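Asker: sharing a sequence plus its predicted fold:
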Amino acid sequence: MLDIKFIRQNPEKVQKAAKDKGIDINVEHVLELDNKARGLDLMVQKLREDRNRVAKNKDIEKGKEIKIRLEKEESALKAVAQELNEWFLKIPNPAKPDVKVGKDESDNEVIRKWGEPKFSAKGGPASGWDFKPLDHLDLGEKLGIIDVKSASKVSGARFAYLKGDAVLLEFALIQFGLETLIKEGFIPIVPPVLVTKETMKALGYMENGGQEDMYHLEIDDLYLVGTAEHSLVPMHKDEILNAKDLPKRYVGFSTAFRREAGSYGKDTKGILRVHQFDKLEMVSFVKQGQDDREHEYLLSLEEKLFKALEIPYQVVKMCTGDLGFPAARKYDLEAWMPGQDKYREVTSVSTVTDFQSRRLNIKYQDGNDKKYVNILNGTAFAIGRTIIAILENYQNEDGSIEVPKVLQKFVGKSVIR
RNA sequence: GGAGGAGUCGCAUAGUUGGUCCAUUGCGGGAGUUUGCUAAAUUCCUGAGCUGAAUAAGCUCGCGUGAGUUCGAAUCUCACCUCCUCCGCCA
């Protein structure tokens, strides 16, 4: 949610920002409702003033008269305020000025690359590789560490069993990620994975069809989180943090649940796109105006982790059309995946500025002022996809897998065979 | 699931025969003054908004949430939510 004052003062800016994100809203209509609500509010306040004065004088007759008028105005105000709120919440967070205006992912920009893509079709055997790489599912099945078939019997499509050394890899990634981030001062958290509808709404993910991708438990009206962010960010709902305690950084470990509605037929092979996967997620709460710096910091940590794994990647900066509703800027880190001969998204880091903290009412006390915090979130490891990248990049001709050096002490071996 | 108890302006507290409560006090936080420093003393400010050029003045709302009773509710009624204690069940 934006500051209504900001919308009053910059209606055309807000309108354009929504358009850039491909979201259809009518700012003028919102301002009309706002105007109407303010007029009614003024009248209601005046009547209440009269009422209070009359009550003090114990003028019962006059009080009765005011009461009737007040009830009428109050219900009118309530109706307008409700309609206003409905439209108001549909206004997306504008992108930062440095974000490129674009329609969809085809307009995203690759801003840097790291590492030499192995097994690249372009470089091919010429670059020293004399066998054709397998994809993660072929490797995983050969090694007996990924089982999609059994999962489909038990749970349906887009689920998987990780077995044996894949499980060791998962826990190694978690340990390595935690070790790295705890050194940076992050507080580790295991959060709830079920949250209320109010929480999801407050996060701004129920707008524009966002609820389509979340599992909903009807009897209890609870939602399964799509990422730990969904329960980490609202942890401080309705709180006033101390400026001294900022920045506050958390690293959460949880399972993420996604319906993947609308992605039928896309990435159906293996565990690239599944309904359930585990994830290490970073969330930062920072002071106003410090989100840009924090954004670069979180991105640098993501890069640090993948550099440590020695997996080639590229950093992609999202254009306005690919940002999502609450984000003001977003970077994806795409790891090289030889099985597909392309880079695929493995992490994502966004600043939502004060968009979520307004709805969630998370402030900090800075001197005498109470200000809304800026919130950022980013992936440390999406475990499943990181395992894919490891299997495919570290494969040998015989189908065995070298274990990345930094993970060896956690896996307890240097080769998976 | 059952029985009790409780939810007050960052934290902790006072206030329930309805009417100087537009809510007490302490701590924390902020601004200033004083003492050479550390530290302490002391004054003022410290819920959210609205009208307004205004750091002038005034007003409204706010005591878990939402309804209701009333001329008037933190105080009365109802529903709901959350937390605590005990019992039952269970990883």
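Answerer: Nice, thanks for sending it over. Here the structure is a predicted model, which is why all the values come from computation and not from measurement.
Asker: so where's chain A shaky on pLDDT?
Answerer: For chain A, residues meeting the criterion pLDDT under 70 lie at A:121-129, A:208-210.
Asker: what residues does chain A have near RNA strand B?
Answerer: Proximity of chain A to RNA strand B, by C-beta under 7 Å from any atom of the strand, involves residues A:5, A:38, A:41-42, A:44-46, A:48-49, A:51-56, A:58, A:60, A:63-64, A:66-67, A:239-240, A:365, A:367-368, A:370. Yep, even glycine has a C-beta here, placed from its N, CA and C like the rest.
Asker: what subset of those is buried?
Answerer: Among the residues of chain A next to RNA strand B, those buried by neighbour count (16 or more other C-beta atoms under 10 Å) are A:Val44, A:Arg51, A:Val54, A:Gly63, A:Ile66.
Asker: ok, these vs RNA strand B, which is closest?
Answerer: Distance to RNA strand B across these (C-beta to the nearest atom of the strand) is lowest for A:Gly63, with 2.4 Å.
Asker: what's the closest non-adjacent residue to the closest one?
Answerer: A:Val54 (4.7 Å; C-beta to C-beta, 6 or more residues apart in numbering).
Asker: what helix or strand is that neighbour located in?
Answerer: A:Val54 belongs to helix A:27-56 when assigned by DSSP states H and E.
Asker: for that helix, packing partners?
Answerer: With contacts taken as 3 or more C-beta pairs under 8 Å, 6 or more residues apart in numbering; DSSP states H and E, helix A:27-56 sits against helix A:4-9, helix A:11-20, helix A:60-88.
Asker: what is the shortest one packed up against?
Answerer: This means helix A:4-9. Using 3+ C-beta pairs under 8 Å, 6+ apart, helix A:4-9 is in contact with helix A:27-56.
Asker: ok, now the longest one?
Answerer: For helix A:60-88, the elements it packs on are helix A:27-56, judged by 3+ C-beta pairs under 8 Å, 6+ apart.
Asker: got the angle for the helix it packs on vs helix A:60-88?
Answerer: Interaxial angle, helix A:27-56 versus helix A:60-88 (axes from the mean of the first three to the mean of the last three C-alpha atoms, to 10 degrees): 160 degrees.
Asker: which residues touch A:Glu203?
Answerer: You called it Glu, but residue A:203 is Leu. A:His230, A:Val233, A:Pro234, A:Pro326, A:Gln356, A:Arg359, A:Leu360 (C-beta atoms under 8 Å, 6 or more residues apart in numbering).
Asker: state the distance from the second one to A:Lys90.
Answerer: Using C-beta to C-beta, to the nearest Å, one obtains 20 Å as the distance from A:Val233 to A:Lys90.
Asker: check the fourth one too.
Answerer: Remark: distance between A:Pro326 and A:Lys90 (C-beta to C-beta) = 12 Å.
Asker: who has more neighbours, the two?
Answerer: In this view A:Pro326 and A:Lys90 are compared by other C-beta atoms under 10 Å, and A:Pro326 has more residues nearby, 23 against 17.
Asker: which helix or strand contains that one?
Answerer: A:Pro326 belongs to no helix or strand, assigned by DSSP H and E.
Asker: ok, it - contacts?
Answerer: A:Pro92, A:Asn93, A:Leu203, A:Gly204, A:Tyr205, A:Ser350, A:Val352, A:Phe355, A:Gln356.
Asker: ok, now with 7 Å
Answerer: A:Asn93, A:Gly204, A:Val352, A:Phe355, A:Gln356 (C-beta atoms under 7 Å, 6 or more residues apart in numbering).
Asker: what residues does stretch A:309-321 touch?
Answerer: With contacts defined as C-beta under 7 Å, 6+ apart, stretch A:309-321 is touched by A:20-22, A:95, A:99-104, A:107-117, A:306, A:330-336, A:343, A:389-390, A:393, A:404, A:406.
Asker: ok now that stretch, how far from the chain's centre?
Answerer: 16 Å (C-alpha atoms, centre = their mean, to the nearest Å).
Asker: just the endpoints, please. Distance across that stretch?
Answerer: Distance between the boundary residues of stretch A:309-321 (C-alpha to C-alpha, to the nearest Å) amounts to 31 Å.
Asker: which residue, other than its chain neighbours, is closest to the residue of the stretch 101-250 of chain A at minimum distance from RNA strand B?
Answerer: Proximity of the stretch 101-250 of chain A to RNA strand B (C-beta to the nearest atom of the strand) peaks at A:Ile240, 4.0 Å away. Residue nearest to A:Ile240 in three dimensions, not counting chain neighbours: A:Lys363, with 4.9 Å by C-beta to C-beta, 6+ apart.
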